[in-house]
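*Asks:* predicted model and sequence below, questions to follow.
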Amino acid sequence: MNIVILAEFAVASGGAEKVAVESARGLAEAGHAVTYIQAIDGPTDPLLDHPGIARIGLHNADIWNRPAHRAAISGVWDGPSAARLGAALDGLPARPDLVHIHQWTRSLSPSVFPALFSRDLPVVVTLHDYFMACPNGVYYRFDTEAPCTLTPLSPSCLAAPCDGKSRLHKLVRVGRNAVLRTTLRRHPLDVIHVCDASVARMGDLLGHLDLTHHRVDNPVRAARAEPGDPARADSVAFVGRLTREKGADLVAAAAARAGLPALFIGAGPLEAELRAYPNVEILGWQSPEMVWESIRTRARALIAPSRWYETGPLTVYEALAHGVPVITSTRAGAGEKLVDGVNGFVVEPNVEALAGAMRRLFDDSSLRALGQAASARYWAAPMTLAAHATALGAVYARILAGRTGRNRAA
């Protein structure tokens, strides 16, 4: 197949970008022709250096780096970006079989969808977050530090000061979602969910659209090796942006209550607050190799206590692959890969529940069993690039077969 992958970045700096880049590589290694369209100028991941991957840049800027009035307009509808995308597609040496969108909110706007629909191209969108339904993208109230319970774009939603940045950001994002609804209302669309919980939750939130839902695990790049021995480590670890919605503060507070050092790999607005807790060490951002060297040698468990309904995080799967137990939130989609008490613990995202799970890490024999089970269960059905590409190929084939059937019926 000839596949176009559309993303706003070409480097694995975050979950969605990581999946886009790794999907491209996996599909190319599976024999598909891949064109990777990068909307925003920036570095390129070496994974995209493959003879089966062509790269195109649209030379967009992040809308929030543009003057405020231009950001407000282009965030809702960016005609020039859509025109550049259309020209890039028209200039391809062969017509693509399908376009797979991973990101579109930072520079593209809903205008990209008519550019694709007008060329009668099958389109699939991976739902890494909630931007297809929720204006702030995470279905989370930053003002109350709790998951949202409001209907997107309802009067209560419009009045809620829930955006993590500002009222202006909320206003632009509301306008974008309203336009997106109108744009998609008359066009069927295929969407891919990366966790089971997303299927039901987003199905409810997007019931006004004509969607076909698919389920594909994210890929994980982890080489199989002898699992580490978490009982020889001394800390609990958190990997990611240091924010409240990701629960970084919960890790520091729970670790202090449980009497364990806390190791943070990442950066973010809570850094000063975290340093006020005893036995906290913050390493900042590290290369993937250094991240997992630190986790394998220093972490009794990885902690991922999301307050929001996170569809990942990828670090949970990577920890399991390395034989490191995980304590994760009941709200994290990655918790679906855990069997509570077997390869980790799934708890409510609050200090007492997390501290209770951390105290269970003091039993070295039980901890070794958790680590061994984490590795064994992961590698029994590993989420490799090849497995991901096979699953994507099956989804693409169903989409194309469905279009063929509709065209014959017509």
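*Replies:* Cool, got the structure. Keep in mind the model is a prediction, meaning the values are calculated, not measured.
*Asks:* where does the stretch 301-410 of the chain dip in pLDDT?
*Replies:* Low-confidence regions of the stretch 301-410 of the chain, defined by pLDDT under 70, span residues 406-410.
*Asks:* no no, the chain
*Replies:* Across the chain, the stretches falling below the confidence threshold (pLDDT under 70) are 406-410.
*Asks:* please redo it, this time with the cut-off set to 50
*Replies:* Screening the chain residue by residue with the criterion pLDDT under 50, one finds the ranges 410.
*Asks:* what does the domain assignment say about it?
*Replies:* 2-219+385-409, 230-380 (automatic domain parsing).
*Asks:* element containing the closest residue to residue 102 other than its chain neighbours?
*Replies:* Using CB to CB, 6 or more residues apart in numbering and skipping residues adjacent in sequence, the residue nearest residue 102 is residue 20, 3.9 Å away. The C-beta positions use only the backbone N, C-alpha and C, and glycine is treated the same way. Following DSSP states H and E, the helix or strand that holds residue 20 is helix 15-29.
*Asks:* packing partners for that helix?
*Replies:* Based on contacts counted as 3 or more CB pairs under 8 Å, 6 or more residues apart in numbering; DSSP states H and E, the elements that helix 15-29 packs against are strand 2-7, strand 33-40, strand 53-60, helix 314-321, helix 385-409.
*Asks:* and residue 235, how far from residue 215?
*Replies:* In this structure, residue 235 lies at 35 Å from residue 215, with CB to CB, to the nearest Å as the measure.
*Asks:* who has more neighbours, the two?
*Replies:* With other CB atoms under 10 Å as the criterion, residue 235 and residue 215 differ in neighbour count, and residue 235 comes out ahead with 21 against 13.
*Asks:* now do the contacts for that one.
*Replies:* Contacts here follow CB atoms under 8 Å, 6 or more residues apart in numbering; on that basis residue 235 touches 260-263, 281, 298-300.
*Asks:* select only the buried ones of these in ChimeraX?
*Replies:* A single ChimeraX command is used to select the members of the contacts of residue 235 judged buried by 16 or more other CB atoms under 10 Å:
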select :260,261,262,263,298,299,300
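*Asks:* farthest pair within the contacts of residue 235?
*Replies:* Between all members of the contacts of residue 235, the longest pairwise span (CB to CB) is found for 281 and 300 and amounts to 14.3 Å.
*Asks:* just to check, residue 34 is in contact with residue 22?
*Replies:* No - counting by CB atoms under 8 Å, residue 22 is not a contact partner of residue 34; they are 11.7 Å apart.
*Asks:* about what we covered before: which of the residues in the helix holding residue 20 are buried?
*Replies:* 15-28.
*Asks:* can you check stretch 168-182 too?
*Replies:* Along stretch 168-182, these residues count as buried under the neighbour rule (16+ other CB under 10 Å): 169-177, 179-181.
*Asks:* among these, which lie within helices?
*Replies:* Residues of these located in helices (DSSP state H): 169-177, 179-181.
*Asks:* just the strands from the stretch 201-350 of the chain, written as ranges.
*Replies:* With strands called from DSSP state E, counting those that start in this stretch, the stretch 201-350 of the chain shows them at 211-215, 235-239, 262-265, 280-282, 299-304, 326-329, 344-347.
*Asks:* what does the fifth one rub up against?
*Replies:* By CB under 8 Å, 6+ apart, the list of residues contacting strand 299-304 from outside reads 230-231, 233-240, 246-247, 251, 254-255, 260, 263, 295, 310, 313, 315-316, 319, 324-329, 332, 334, 344, 354, 358, 361, 367, 370.
*Asks:* rewinding a little: and the domains of the chain, which is most packed in?
*Replies:* Neighbour counts averaged per stretch over those are highest for domain 230-380, at a mean of 20; criterion: mean count of other CB atoms under 10 Å.
*Asks:* about what we covered before: closest one to residue 127 out of the ones in helices among the buried residues of stretch 168-182, please.
*Replies:* With CB to CB as the yardstick, the closest approach to residue 127 among those comes from residue 180, at 13.1 Å.
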